[in-house]
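Chemist: Structure for the following, please:
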Amino acid sequence: MGALPKISLAGRHILITGGTQGIGEGCALAAAEAGASAITITGRHEGRGAAIVEKLHTFGARAFFCG
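Modeler: Here you go, the predicted structure:
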């Protein structure tokens, strides 16, 4: 993700609030790109949450949505 320094989140479970859009979505995708093994996102939009979870799966992360 461009300007951010490369870090490793391998083996970490990350919780991101507001992860269905905007900055929260970007953080979730960055965490997956950094190797997080599991990512839980929360948000108000179940449909968007399901779509983000699918994107996170493409990085090989276990992903969960809590509405």
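Chemist: Would you point out which residue is most central in the protein?
Modeler: What sits nearest the mean C-alpha location of the chain, by C-alpha atoms, centre = their mean, is Ala28, with 2.4 Å.
Chemist: all strands for the protein, in order.
Modeler: 13-16, 38-42, 62-66 (DSSP state E).
Chemist: tell me the most buried of those?
Modeler: Greatest average neighbour count among these goes to strand 38-42 (a mean of 20), per mean count of other C-beta atoms under 10 Å. The C-beta positions use only the backbone N, C-alpha and C, and glycine is treated the same way.
Chemist: Return the alpha-carbon coordinates of that strand using PDB.
Modeler: Only the C-alpha atoms of strand 38-42 are listed here, as PDB (Å, rounded to 0.1, in the frame of the first residue of the first chain):
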ATOM      1  CA  ALA A  38      -7.000 -13.700  10.900                       C
ATOM      2  CA  ILE A  39      -8.900 -10.500  10.600                       C
ATOM      3  CA  THR A  40     -12.200  -9.600  12.200                       C
ATOM      4  CA  ILE A  41     -14.000  -6.500  10.900                       C
ATOM      5  CA  THR A  42     -17.000  -4.800  12.400                       C
END
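Chemist: tilt between that strand and strand 62-66?
Modeler: Interaxial angle, strand 38-42 versus strand 62-66 (axes from the mean of the first three to the mean of the last three C-alpha atoms, to 10 degrees): 20 degrees.
Chemist: what's the offset of strand 38-42 from the middle of its chain?
Modeler: Centroid separation for strand 38-42 versus its chain: 6 Å, with C-alpha atoms, centre = their mean, to the nearest Å.
Chemist: Return the list of strands paired to it, each annotated with direction.
Modeler: Paired with strand 38-42 in the same sheet, following DSSP bridges, are strand 13-16 (parallel), strand 62-66 (parallel).
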